[in-house]
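Visitor: Prediction below, plus the sequence it came from.
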Amino acid sequence: MKFAYQGIPGSYSESCIKENYPECEKTISCRTFQDAFELAKNNNNVKALVPEQNQLIGSINIETLILKYRLNIVAEHFFKINHSLLGIPGTQLKDIKNVYSHTAALSQTNSFIRENNFTENVMADTAGSAAYVAKQNDKSKAAIASLHSAEIYGLEVISSKIQDEDENYTRFLVFQKDVTQPDFSEKEKYITSFLFKLKNKPSALFQSLTGMSLRQVDMTKLQSFPEKGTFSSYFFFCEVQGHIVEEKISGALSDLELHCSEFQLLGVFKQSSFRNR
């Protein structure tokens with residue numbers, strides 16, 4: 001199996017793939033999230049691993065792509081984000097004037113940047129900033145990226161774990177074209193993920209979720225986003241704890257569908273052990 005991801009070698013997405021799928025046949029670098037979705041849509045042998053949410057900055061806003069491609073979600077992974085300051089060999093902290101990274105990484109290392117009076121420069125991604133600094137070969141320039149990026153691009157780690165909050169995880173989802181579900185086991189915990197659009201009527205959202213409350217279904221995610229071209233019609237990306245074969249889950253979703261003009265199951269997958277912390 002091959003995995004597509006946004007970014008270049010050394011990105012956190014690629015590192016997440018290598019950590020969780022060491023037997024992966026190949027990782028495919030993509031310019032955008034949409035390119036990764038497109039590859040998975042058109043090739044049964046390609047999965048797309050995409051960040052969905054970060055613990056500190058919230059949603060990565062991939063919901064419109066989830067809606068557009070309607071791929072099957074088969075797994076979730078929580079990956080620890082450790083930012084490091086990387087420079088060309090021989091660089092010292094006092095040499096650095098400019099730092100380069102993705103806007104999320106810059107915001108997550110704000111205290112370190114301010115403390116050292118660095119000038120921030122926004123780049124498309126963290127690994128790309130490491131490649132840029134390596135190419136510039138200038139001690140006044142440094143990248144904020146992963147340790148893996150330092151290895152790939154021949155940079156020196158000047159300072160590690162520079163993020164403001166040590167507890168910094170990103171949740172990644174794995175998408176594929178083929179629809180599959182794990183067999184239910186009482187020893188395992190599951191997530192059922194789906195999209196829905198409500199009928200246009202008063203109190204529609206409240207009424208639609210009543211079944212989940214009555215059946216004591218634990219909802220772990222509910223995010224709204226507007227339908228393309230309008231602000232009067234909204235889709236919801238929702239996840240609940242449990243497997244769709246369980247009576248309380250199938251019953252709650254059947255109740256929900258009565259209030260929907262559109263409903264689609266996106267996937268059933270095992271919960272990450274990270275949720276047990």
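Guide: Happy to help now that I have it. Computed from a prediction, not measured in an experiment: that's the story for all the values here.

Visitor: what about the nearest residue to C30 once chain neighbours are set aside, helix or strand, and which?
Guide: Among residues not flanking C30 along the chain, A36 sits closest, at 4.4 Å (Cβ to Cβ, 6 or more residues apart in numbering). In short, each C-beta sits where N, CA and C put it, glycine included. Assigned by DSSP states H and E, A36 belongs to helix 33-42.

Visitor: Report the secondary structure element holding V174.
Guide: Going by DSSP H and E, V174 is part of strand 169-176.

Visitor: Then L205?
Guide: Secondary structure (DSSP H and E) places L205 in helix 204-214.

Visitor: how close does A131 get to A204?
Guide: Distance of A131 to A204, computed by Cβ to Cβ, to the nearest Å: 48 Å.

Visitor: And these two? Which one has more around it.
Guide: Comparing A131 with A204 by other Cβ atoms under 10 Å, the one with more neighbours is A131, at 21 against 16.

Visitor: Tell me where the stretch 1-150 of the chain has strands.
Guide: 2-6, 26-30, 46-54, 58-59, 72-80, 84-87, 98-101, 119-122, 141-145 (DSSP state E, counting those that start in this stretch).

Visitor: weakest of the ones you listed by average pLDDT?
Guide: The weakest mean pLDDT among those belongs to strand 58-59, with a mean of 90.

Visitor: hmm, who's touching that strand?
Guide: Strand 58-59 is touched from outside by 52-53, 223, with contacts defined as Cβ atoms under 8 Å, 6 or more residues apart in numbering.

Visitor: Can you report how many residues lie near D164?
Guide: By other Cβ under 10 Å, 14 other residues sit near D164.

Visitor: my read: I73 touches V174, true?
Guide: Yes: taking contacts as Cβ atoms under 8 Å, I73 lies within contact range of V174: 7.0 Å.

Visitor: Find the centremost residue of the protein, please.
Guide: With distances taken as Cα atoms, centre = their mean, P51 lies nearest the centre of the chain, 1.3 Å away.
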